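S.K.: Structure, please.
(one chain, ligands or ions: 1)
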Amino acid sequence: MRALQELFPEISEQQLSRLVQYADLLCQWNQRVNLVSRQDVTRLWPHHLLPSLILLKIFPLPPGATCLDLGTGAGLPGIPLKILRPDLELVLVDSIRKKILFLKMVLDALNLTRCLALQGRLEPNSAPPQLRKNFDFVFARAVTSLENLLPLARPLLKPGGSLLAWKGESDEPELRQAARKLGFRYQILSVPSRWHHLSPKFSQLRIFQIFPED
Ligand code: SAH
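M.R.: Got it, this is the predicted structure:
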């Protein structure tokens, strides 16, 4: 919590209480539905919530941006980002029905609007008509390899839209190789060292911004 206040001193009481409520619901449901690993329940803030939210400190997400969280699982990174940035239009997608049931309950309990949870398996190089070319950003954290991710994300993005993939330092060679092969533009976002003490994930975390259309 101290880490959260240090990163986001402007956070409101309501946002803080929504984050706490989300973490509580996740812990409760995790006993029945496998949302995050058993050990991770005790370290949700440093391992999941802060690494999701850190995007806001290192990347300027434009106001009202349309975002899709692909393979959202328990709602990561989408739900924490939506709590801090209620202006975002967010669609959460996962293939597992129970995870979507959990997310619908969360959206309801936290009273989050302009946010949808959809069950479905996204397929490479195709997208349901209502999702096609609709998003400024596709988020993906811990979903699949970049090689698999790009064909899933590409049909969802508006022209000029980009994929934001939560990866690690060790994935940088894979990124460079894929960029050479497929010829896309990218940038690598990392967490400034002054914040590394706030989460054990921060020093290795890399968020790849990829423009698959170029
Ligand atoms: N992003 C979350 C969950 C990671 S687990 C987190 O950071 O914790 C990966 C999730 O992606 C699983 O819940 C799985 O069901 C979902 N998934 C994988 N491939 C998918 C696809 N093609 N379409 C929809 N969901 C997918």
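S.K.: which residues does residue 83 contact?
M.R.: 15, 18, 19, 22, 110, 112 (C-beta atoms under 8 Å, 6 or more residues apart in numbering). Bear in mind the C-beta positions are built from the backbone N, C-alpha and C, glycine included.
S.K.: Closest one of those residues to the ligand?
M.R.: Distance to the ligand across these (C-beta to the nearest ligand atom) is lowest for residue 22, with 13.0 Å.
S.K.: The closest one: which element?
M.R.: Assigned by DSSP states H and E, residue 22 belongs to helix 13-30.
S.K.: on that earlier part again, show the overlap between the contacts of residue 83 and what lies near the ligand.
M.R.: Contacts with the ligand are made by none of those, judged by C-beta under 6 Å from any ligand atom.
S.K.: picking up where we left off before, can you name the element that comes right after the helix holding residue 22?
M.R.: helix 44.
S.K.: hang on, the earlier thing: now list the buried members of the contacts of residue 83.
M.R.: 15, 18, 19, 22, 110, 112 (16 or more other C-beta atoms under 10 Å).
S.K.: can I get those residues in a markdown table with pLDDT and distance to residue 180?
M.R.: Output for the buried ones among the contacts of residue 83, formatted as a markdown table (pLDDT from 0 to 100; distance: C-beta to C-beta, whole Å):
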| residue | pLDDT | distance to residue 180 |
| --- | --- | --- |
| 15 | 97 | 41 |
| 18 | 98 | 42 |
| 19 | 97 | 40 |
| 22 | 97 | 39 |
| 110 | 97 | 43 |
| 112 | 97 | 40 |
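S.K.: Could you list which residues are in contact with the closest residue in space to residue 167 that isn't next to it in sequence?
M.R.: Excluding its sequence neighbours, the residue lying closest to residue 167 (C-beta to C-beta, 6 or more residues apart in numbering) is residue 206, at 5.1 Å. Residue 206 makes contacts with 167, 168, 169, 171, 172, 188, 189, 190, as judged by C-beta under 8 Å, 6+ apart.
S.K.: that's a strand at residue 206, yeah?
M.R.: Yes - membership of residue 206 in a strand is supported by DSSP: H, G, I helix; E, B strand; the rest coil.
S.K.: who does it bridge with?
M.R.: Counting by DSSP bridges, residue 206 forms beta bridges with residue 167, residue 190.
S.K.: now it: how far from residue 72?
M.R.: Going from residue 206 to residue 72 by C-beta to C-beta, to the nearest Å gives 20 Å.
S.K.: In this structure, where is pLDDT below threshold?
M.R.: Filtered on pLDDT under 70, the chain yields the residue ranges 214.
S.K.: please redo it, this time with the cut-off set to 80
M.R.: For the chain, the stretches with pLDDT under 80 are 1, 213-214.
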